[in-house]
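# fold the following for me, if possible:
(one chain, ligands or ions: 1)
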Amino acid sequence: MPEQNQSTSSDTNKIKLDDASWKQKLDPEVYHIAREKGTERAFTGTYWNHFESGTYHCKACGNPLFKSDGKFESSCGWPSFFEPISEKSILYANDNTYGMQRTEVMCGKCDAHLGHVFDDGPPPTYKRYCINSVIIDFEKRSDTDSTQEHHAK
Ligand SMILES: [Zn+2]
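Numbers count the residues shown, from 1 in each chain. A predicted model of the protein is given here:
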């Protein structure tokens, strides 16, 4: 991937593909969530009850979206976060489908649908980012990120 040759931040490098290309690139269940704004069934995803330390990335493009530090235990059945990794990592849009007024959350890099954000989360943000497990990939915190876990022999 050419972006990796750049030492500067690639936050502004958007990924734009048409639906046919996404369909080739993504697994059907990922495509359904990311491009058709689907929703996985509650309590069926990989990460709703997952609390290891690390980072959650967009499964479509690898963009870092949330940290485990921003995740909280919610009874809703989907992975829930109170803050994204940065304001640039995600995009928001009004979603008035299904007779509800909700705020859709999308990947800031590839526009994949992630889930919705609600105003009933815990402090300090009081937000609840309700995200589909299918569209995120968890990366466990590595030794290089965590000096406390490094033991010299
Ligand atoms: Zn993405």
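# which residues touch stretch 26-35?
Stretch 26-35 has contacts (C-beta atoms under 8 Å, 6 or more residues apart in numbering) with 19, 22-23, 38-40, 59-60, 107, 110, 112-113, 132, 134-135. C-betas here are computed from N, CA, C, even on glycine.
# quick one: buried residues of it?
Leu26, Val30, Tyr31, His32, Ile33, Ala34, Arg35 (16 or more other C-beta atoms under 10 Å).
# and that stretch, how far out from the chain middle?
14 Å (C-alpha atoms, centre = their mean, to the nearest Å).
# so Cys58 touches Ala112, yeah?
Yes - contact status for Cys58 versus Ala112: in contact at 5.9 Å, counting by C-beta atoms under 8 Å.
# who's more crowded, these two?
Applying other C-beta atoms under 10 Å to Cys58 and Ala112 shows that Ala112 carries more neighbours, namely 28 against 25.
# distance check, the more buried one against the ion.
5 Å (C-beta to the ion, to the nearest Å).
# next step: the buried residues of stretch 26-35 restricted to helices.
Secondary structure defined by DSSP state H assigns Val30, Tyr31, His32, Ile33, Ala34, Arg35 of the buried residues of stretch 26-35 to helices.
# isn't Cys61 right up against Met106?
No - Cys61 is beyond contact range of Met106, at 11.3 Å (criterion: C-beta under 8 Å).
# give me the common contacts of these two.
With C-beta under 8 Å, 6+ apart, Cys61 and Met106 have common neighbours Ala112.
# which SS state does Lys23 fall under?
Three-state assignment for Lys23 (DSSP: H, G, I helix; E, B strand; the rest coil): helix.
# quick one: the nearest residue to it once chain neighbours are set aside and Phe43, what's the gap?
Excluding its sequence neighbours, the residue lying closest to Lys23 (C-beta to C-beta, 6 or more residues apart in numbering) is Tyr31, at 5.5 Å. In this view, Tyr31 and Phe43 are 22 Å apart by C-beta to C-beta, to the nearest Å.
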